[in-house]
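1. After the sequence you'll find the predicted model.
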Amino acid sequence: MKKSYIKKPVKIEAIQLVRNNEGSTNMQDVVDFLGKNNISYVTGDALVVIKTLEGEMCASINDYIIKGTEDEFYPCKPHIFEKIYDEATE
């Protein structure tokens, strides 16, 4: 019985929710990326609640929001994202 597997390389789309030096965020870009049907609600400019396959999940400042292979969305903490993904070259 197999017990060890390697994840297939898959190109994904993602956006990071960030705050700039002036204190504003790219929340509008995040909302545009997700589309209104995939958002439960946005609290101010620092938190977005995303409808995922597993239920509602929160993305906060510095989290990445990933669009999966089935066009689903989910948040990912930066330290995990950086371990799993490298920026793709076009």
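-> That came through, no problem.
2. Now for the protein, the helix or strand with the poorest mean pLDDT.
-> Using mean pLDDT, DSSP states H and E, strand 39-43 stands out as the lowest-scoring helix or strand of the chain, at a mean of 88.
3. packing partners for that one?
-> Judged by 3 or more C-beta pairs under 8 Å, 6 or more residues apart in numbering; DSSP states H and E, the packing partners of strand 39-43 are helix 27-34, strand 47-52. C-beta: built from backbone N, CA, C; applies to glycine.
4. Name the stretch among these that sits most buried.
-> Among the helices and strands packed on strand 39-43, strand 47-52 has the highest mean neighbour count (mean count of other C-beta atoms under 10 Å), at a mean of 18.
5. orientation of that one relative to strand 39-43 in degrees?
-> 170 degrees (axes from the mean of the first three to the mean of the last three C-alpha atoms, to 10 degrees).
6. And strand 47-52, what does it pack against?
-> Judged by 3+ C-beta pairs under 8 Å, 6+ apart, strand 47-52 is in contact with helix 27-34, strand 39-43, strand 55-60, strand 73-76.
7. Endpoints of stretch 45-54, how far apart?
-> End-to-end span of stretch 45-54 (C-alpha to C-alpha, to the nearest Å): 24 Å.
8. do stretch 32-49 as well
-> Start-to-end span of stretch 32-49 (C-alpha to C-alpha) is 14 Å.
9. Use 45 as the first number for this chain going forward.
-> Sure thing, new numbering starts at 45, so read that last one as stretch 76-93.
10. and that stretch, how far out from the chain's middle?
-> 11 Å (C-alpha atoms, centre = their mean, to the nearest Å).
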